[in-house]
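K.L.:
need a 3D model of the sequence below.
(2 chains)
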Amino acid sequence: MDGHIRKVYVPMTETGFYILLCLRKEAHGYGIVKKTEELTGGEILLSPGTLYGSLSKMEKDGLIRFVREEEKRKVYVITELGLQVLELEMKRIRRLYCSMMEATEDERY
Amino acid sequence: MKDTKTEIRFFSVPQWKKEEQYLRDRHNDGWEFTGVGFPGVYHFRKCEPKDVVYQLDYNEDSVRSRDEYIQMFSDCGWEYIQNYVGYSYFRKPVSEMKVSEEAIFCDDASRLEMIKRVFEGRMVPLLLVFFMVIIPQIFMQAEEGSSGGRGVLILFIVLFALYLAIFISFAVPFIKYYRSVHRD
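P.N.:
From the prediction side, this is the model:
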């Protein structure tokens, strides 16, 4: 993974994170919107302009790849590089979560 | 009573936020936007007054991969109206929104990307003409010094001033918008 990818995608936007998380299985844009809505209990609604831009950029950077077209919808899937980036992001978020739990431990009990 | 009307309004390239608000206001007054024809000429059809959010995107893919592009917006409930000189027009009634004030962009990173696309699509070609034609011509004509050359020199100086005015009128709203996105 080169420095450019690391700089642009770590840390990444919430939209970027949900795209990669969803694309561990093949999906088209609207499928990603639906899946994200489901995962977040409706709290995050991805917008089409944001999603379209992110998908194009991630495809160009090789994080995801185009699989096929289904009724005018492009189906994508994550690549090996995308998985590496996602793994880095998950590690960073896990660390954030652990720090948060540790720092607020006294307040919770 | 006529059920269509035409209005003339001018919005400079970086003023799409104002244009969106203008179209929303018209719809609230009972005039549904049907399209832009000639620059600055807006067409409307009479309708029930309704709160409908209008949004503009600037994306080359709206021409290159037109079908997929429009499909993604329509899947998310945004009706495509038309493409006009690089801008795509979409709308969605507030009553159909799941969250209040839905928009076609949901984060600052993508709002900034859109500003960049407008800049690259519109400003870069102008800047190229400015630096590769107008400025060299002014120097060339000034050096020649003949009377015929003077007329051309004046012409290029007028063009220089005109371009400068365009750049400033572009840059000011761009910087304002860029800052407003960065702040929130």
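K.L.:
and the helices in chain B?
P.N.:
B:16-28, B:61-64, B:66-75, B:108-118, B:124-129, B:135-144, B:147-183 (DSSP state H).
K.L.:
swap in chain A?
P.N.:
With helices called from DSSP H, chain A shows them at A:3-9, A:14-22, A:29-39, A:48-60, A:80-103, A:105-108.
K.L.:
so which of those comes closest to residue B:20?
P.N.:
Nearest to residue B:20 among the helices of chain A is helix A:48-60; the distance by CB to CB comes to 12.6 Å. In short, each C-beta sits where N, CA and C put it, glycine included.
K.L.:
what is that closest one packed up against?
P.N.:
When contacts are defined as 3 or more CB pairs under 8 Å, 6 or more residues apart in numbering or on different chains; DSSP states H and E, helix A:48-60 sits against helix A:14-22, helix A:29-39, strand A:64-70, strand A:73-78, helix B:66-75, helix B:108-118.
K.L.:
was I right about residue B:119 contacting residue B:171?
P.N.:
No. Look at residue B:119 against residue B:171 with CB atoms under 8 Å: they stay out of range, at 9.8 Å.
K.L.:
neighbour count winner among those two?
P.N.:
Higher neighbour count among residue B:119 and residue B:171: residue B:119, with 18 against 13, using other CB atoms under 10 Å in any protein chain shown.
K.L.:
now that one, nearest residue through space, not along the chain?
P.N.:
residue B:174 (6.9 Å; CB to CB, 6 or more residues apart in numbering or on different chains).
K.L.:
over to residue A:36?
P.N.:
In space, residue A:36 is closest to residue A:18, 4.4 Å off (CB to CB, 6+ apart).
K.L.:
show the contacting residues for that neighbour.
P.N.:
A:32, A:35-36, A:39, A:44, A:46 (CB atoms under 8 Å, 6 or more residues apart in numbering or on different chains).
K.L.:
just the buried residues of these.
P.N.:
A:32, A:35-36, A:46 (16 or more other CB atoms under 10 Å in any protein chain shown).
K.L.:
need the residues of chain B near chain A, please.
P.N.:
The interface of chain B toward chain A, taken as CB under 8 Å from any CB of the partner chain, is made up of B:55, B:57, B:59, B:61, B:67-69, B:71-73, B:75-76, B:78, B:98-99, B:102-107, B:109-110, B:113-114.
K.L.:
ok, 6 Å please
P.N.:
Counting by CB under 6 Å from any CB of the partner chain, the positions of chain B adjacent to chain A are B:57, B:67-68, B:71-73, B:75-76, B:98-99, B:103-107, B:109-110, B:113.
K.L.:
run a quick neighbour tally on residue 13.
P.N.:
Picking chain A for this. Applying other CB under 10 Å, I find that residue A:13 has 16 neighbouring residues.
K.L.:
correction: the question concerned chain B.
P.N.:
Other residues lying near residue B:13 total 20 when counted by other CB under 10 Å.
K.L.:
mind checking pLDDT for it?
P.N.:
pLDDT recorded at residue B:13 is 70.
K.L.:
now the lowest-mean-pLDDT helix or strand in chain A: buried residues?
P.N.:
Least confident helix or strand, chain A: helix A:105-108 with a mean of 76, by mean pLDDT, DSSP states H and E. For helix A:105-108, a neighbour-count test (16+ other CB under 10 Å) marks nothing as buried.
K.L.:
restricting to C-alpha, output that helix in CSV.
P.N.:
C-alpha atoms of helix A:105-108 as CSV (Å, rounded to 0.1, in the frame of the first residue of the first chain):
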residue,chain,number,x,y,z
GLU,A,105,-14.9,3.2,33.0
ASP,A,106,-15.2,4.9,36.4
GLU,A,107,-18.1,7.0,35.2
ARG,A,108,-20.1,4.0,34.1
